[in-house]
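# Sequence and predicted structure, then a few things I'm wondering about:
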There are 2 protein chains.
Amino acid sequence: MNYLGLLSSLLFLSNLDAFHYSKLAQYVDSHQEEYVEVLREWVAVESDSSNILKRSHVHHMMDVTAQKLRQLGGTVQLINIGNQELPDGQTITLPKVVTAQFGNDVNKSTVCIYGHTDVQPAKPEDGWATDPYNLTEVDGNLYGRGASDNKAPVLAWIHAVEAYKMLDMELPVNVKFVIEGMEETGSNGLDSMILAHRDTFFSDVDYIIISDCGWLSRKPALTYGTRGNCYFFAEVQGPKQDLHSGVYGGTVIEPMTDIVGLLDTLISPSGKILVPGIREAVAPLTDDEWKMYQDIEFDLDHYKSKIGVDQLMYSNKVDLLAHRWRYPTVSIHGIEGAFSDPGTKTVIPAKVTAKFSIRQVPNMEPATVEKQVRDYLHSGFAKRKSPNTLKVTMVIGAKPWLADIQDPLYEAGKAAVKRVFNSEPDMIREGGTIPIAKTFQDVTGKSIIMIPIGGFDDGLHSQNEKISRYNYIEGTKLFIAYLHEVAQIKKDTV
Amino acid sequence: MNYLGLLSSLLFLSNLDAFHYSKLAQYVDSHQEEYVEVLREWVAVESDSSNILKRSHVHHMMDVTAQKLRQLGGTVQLINIGNQELPDGQTITLPKVVTAQFGNDVNKSTVCIYGHTDVQPAKPEDGWATDPYNLTEVDGNLYGRGASDNKAPVLAWIHAVEAYKMLDMELPVNVKFVIEGMEETGSNGLDSMILAHRDTFFSDVDYIIISDCGWLSRKPALTYGTRGNCYFFAEVQGPKQDLHSGVYGGTVIEPMTDIVGLLDTLISPSGKILVPGIREAVAPLTDDEWKMYQDIEFDLDHYKSKIGVDQLMYSNKVDLLAHRWRYPTVSIHGIEGAFSDPGTKTVIPAKVTAKFSIRQVPNMEPATVEKQVRDYLHSGFAKRKSPNTLKVTMVIGAKPWLADIQDPLYEAGKAAVKRVFNSEPDMIREGGTIPIAKTFQDVTGKSIIMIPIGGFDDGLHSQNEKISRYNYIEGTKLFIAYLHEVAQIKKDTV
């Protein structure tokens, strides 16, 4: 049992008017082994949405998700969202979206919890200390791909609802779920699904809650903004097949030479984006923002030591946080089609596809960025006078999102954090993307809050991803408390 | 049965003084199905020497090779050549070198046939139409990794010896074999083995024969030169592990940005090597060379269509052949450690290792090239002021080789080609590397000839490698004829 949690339950129990938080918290504590077991089952499903060869696992994961919600007595649907078009023109079926509903009392508010149960790729040889698809506990941390992003948070929400149900306590709000299986590749198909169900499933939703992010430090946090993401494939095709570099080297212009030359024009050594028009579109940093960033508890030295570098791109806190959260950046992820195995291979790769992304911030527009990047690369390629062909495709175009931190949803969040952790949350933004936040905002017009429960060092998208048992279990309590607090808002302000 | 082969046997049979070529050629024709079956067994062994995870297959391949030679009654040895040091400082056992001896008549010349039974990497998903390790015949072509490079030529030599033995004909020369399992990664360990056995195994060797290359066109060829190869790993290490590009992008200088920047300084868009000192070291093209290149039958349009490009690096025959054979070039093979799978992954790779090679020609020296490249990259890296670390390693440093085409060995080669194919061979060089040729030349002081039997379109090192049944079987006859012709030289000139 967690000491802080217990302390806070004791402190706040007195003024809860019929909200038996401690009973719920005790229920959570006594069921934590079950929660870990379910997470183990979920992590075992290799639901990597970015690799089309793994698509059947994602389909299976959506069935598992639906089944779990059904067992809890929800009204569950698996919604077909059509096909995904691949860069080569082929199509494959998108994973179904799972929706669920618990309660439809018109006198209560309705929250809609969004999450995803697809994951990033993970291969043991990338440097995992444990099998990425076999949840392994070491020193209170639960290691596994998708543990923190986003399987444990989704389960924590389900367990929060379950706790109310199992204790025969009335849910303070109606709870809906929207769980997708394509988040890691840009929530393909979800936009249209939300639009199509705006006047049905989403019509009675008052608030959207997303828990697909992490804290900034060991302090709990609430998140009020995310960056978007424009993810590009730049493919250079030369010879019709790979060639021996001894036999053919010196006679053909190699696609790798071209792609390296193009990638080198994207960003300066110090990190300045060189694609014209990108930096100019960014909303300027306001004095208020500067002040807020200045006040956030953030230890640069600790950040450096956590990621293992001696020097960051910026050496002061405000610049660093600003470039992490509210400025765009270019990352080159890798090259498909070239030699990438250990050892040596004397090959001239015939077709190489560079993958890079530009993080979006207000007021950049994905469609504009797509044109800027495409024009820039094609113009650079034309200057090379290469006989090869270049194809630039934007495969993800996810918008950034920004909330109003004065919204009562955030006040409710602060109260819930106070109850469970007895502290104030950091108000933070997220460098990563939750593509659907912007869509929810635009289509439903409802307020959105992001309540992270992942740790600051969970290693999302990298080797040895984990969530701590502490964050998983206390996070479940936080969600329980939040369901109560968000119901109070309704009473007071709506 | 092959028409040309038959015709040539009939034409030349009359003046063969006791060399019953037609009988040997008929033996070969009637055993060709067996030859294909043995090749199938050899191709099935995934003896990829560049991937240390496949090392056990290479060890097995050397055992298979030794066993085949033993069955033929040779004196066979498996010679331990020690360990291989990996870039990370670890060591693994090198595949043993197989030596064999057939005959030790002091009145005869002794030829030593060099070959290798390791192969380049091959993965079905790289675009193979058939399983690379399951020899598959389509339209007279035998598809499989290592079929042409170098398993079929090694078998053709063994079958040539076998034909003499099975017909109870005396071998015209003593025949030795040296078969290694590390050719594809630079013949690691073979140099010292040759040096150590200079005064024993190699002491009575008169000529070295290598058949690890291919024809230039549909015409048979003899090869008198190869390029060398300096293969580099340039590793940039940044964060201690991969990072989420959303969460961390904009706060760290990414290793991929650095490595792309460095690779982009190696070669100009038109193919000019930018590393100072490399081009200056190259022996100038002589008028004789120019004339010889001018006379070679080589169809640029056919070459373009074969590799599937509209435009080559040079548009006239002499420039193209010269840059293929006797000028250096840079090829960038790929990047290990970055994202290389299909799909999208929003990762900042923490450690990336670029792999590139520079083909060596006279009068470049690998040790000098190593220093030139290392200094150049480190100087460029210093200018970037990156907090990451760079490590440049030359993992292969193989020298070029050049023979005297007036040597009687080449006259014997021409006679053998004339006998089997009734035509003159093209005198060609090879853009690729047979690293050990230079060592044989330096250590034994003996003459070397390269007699290719691979087709010009065999796809060495690329997808869908093959050897045609025609080249495999007629090549075996060529080797039979060459053993006879090389014995004549001894009589006439030594």
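Nice, I can see it.
# From A:L190, how far off is whichever residue of the stretch 51-200 of chain A sits closest to chain B?
With Cβ to the nearest Cβ, the shortest gap between the stretch 51-200 of chain A and chain B falls at A:N51, namely 4.7 Å. C-betas here are computed from N, CA, C, even on glycine. Remark: distance between A:N51 and A:L190 (Cβ to Cβ, to the nearest Å) = 19 Å.
# Compare those two and say which one has the larger neighbour count.
Comparing A:N51 with A:L190 by other Cβ atoms under 10 Å in any protein chain shown, the one with more neighbours is A:L190, at 24 against 18.
# For that one, what are phi and psi?
phi -80, psi -30 (degrees, to the nearest 10).
# Identify the residues contacting it.
A:I81, A:V97, A:E180, A:M182, A:P435, A:I436, A:T439 (Cβ atoms under 8 Å, 6 or more residues apart in numbering or on different chains).
# just those residues: which has the poorest pLDDT?
Scanning these for pLDDT, the low point is A:P435. It has 74.
# Neighbours of that residue, how many?
Counted with other Cβ under 10 Å, A:P435 comes out at 26.
# Go ahead and confirm it touches A:M182.
No: at 9.3 Å, A:P435 does not count as touching A:M182 under the criterion of Cβ atoms under 8 Å.
# Can you tell me how far the residue of the stretch 51-200 of chain A closest to chain B is from B:K108?
61 Å.
# Distance check, the nearest residue to A:T136 once chain neighbours are set aside against A:N141.
The shortest distance from A:T136 to any non-neighbouring residue, by Cβ to Cβ, 6 or more residues apart in numbering or on different chains, is to A:T130 (4.0 Å). Distance of A:T130 to A:N141, given as Cβ to Cβ: 10 Å.
# Show me which of those two is the more surrounded one.
Set A:T130 next to A:N141 and count neighbours by other Cβ under 10 Å: A:N141 wins out with 21 against 16.
# and the strand or helix carrying A:Y472, anywhere near chain B?
Assigned by DSSP states H and E, A:Y472 belongs to helix A:469-493. No: judged by Cβ under 8 Å from any Cβ of the partner chain, helix A:469-493 stays clear of chain B, getting no closer than 16.0 Å.
# helices and strands around that helix, which ones?
helix A:3-12, helix A:21-30, helix A:32-43, strand A:141-143, helix A:152-166, strand A:207-210, helix A:408-421 (3 or more Cβ pairs under 8 Å, 6 or more residues apart in numbering or on different chains; DSSP states H and E).
# cutoff 7 Å now
On a contact count with 3 or more Cβ pairs under 7 Å, 6 or more residues apart in numbering or on different chains; DSSP states H and E, helix A:469-493 meets helix A:21-30, helix A:32-43, helix A:152-166, helix A:408-421.
# picking up where we left off before, is the residue nearest to A:T136 in a helix, a strand, or coil?
In three-state terms, and counting by DSSP: H, G, I helix; E, B strand; the rest coil, A:T130 is coil.
# In this model B:T344 seems to touch A:Y231, though I could be wrong.
Yes: counting by Cβ atoms under 7 Å, B:T344 is a contact partner of A:Y231 at 5.3 Å.
# shared neighbours, those two?
The contact sets of A:Y231 and B:T344 overlap at A:V395, A:I396 (Cβ atoms under 7 Å, 6 or more residues apart in numbering or on different chains).
# what comes up buried for stretch A:199-208?
For stretch A:199-208, the neighbour count (16 or more other Cβ atoms under 10 Å in any protein chain shown) marks A:F201, A:F202, A:V205, A:D206, A:Y207, A:I208 as buried.
# mind checking pLDDT for the fourth one?
Looking back up the chat, that one is A:D206. Value for A:D206, per-residue pLDDT: 95.
# Could you find the closest non-adjacent residue to it?
Leaving aside its sequence neighbours, A:D206 sits nearest to A:S109 (Cβ to Cβ, 6+ apart; 4.6 Å).
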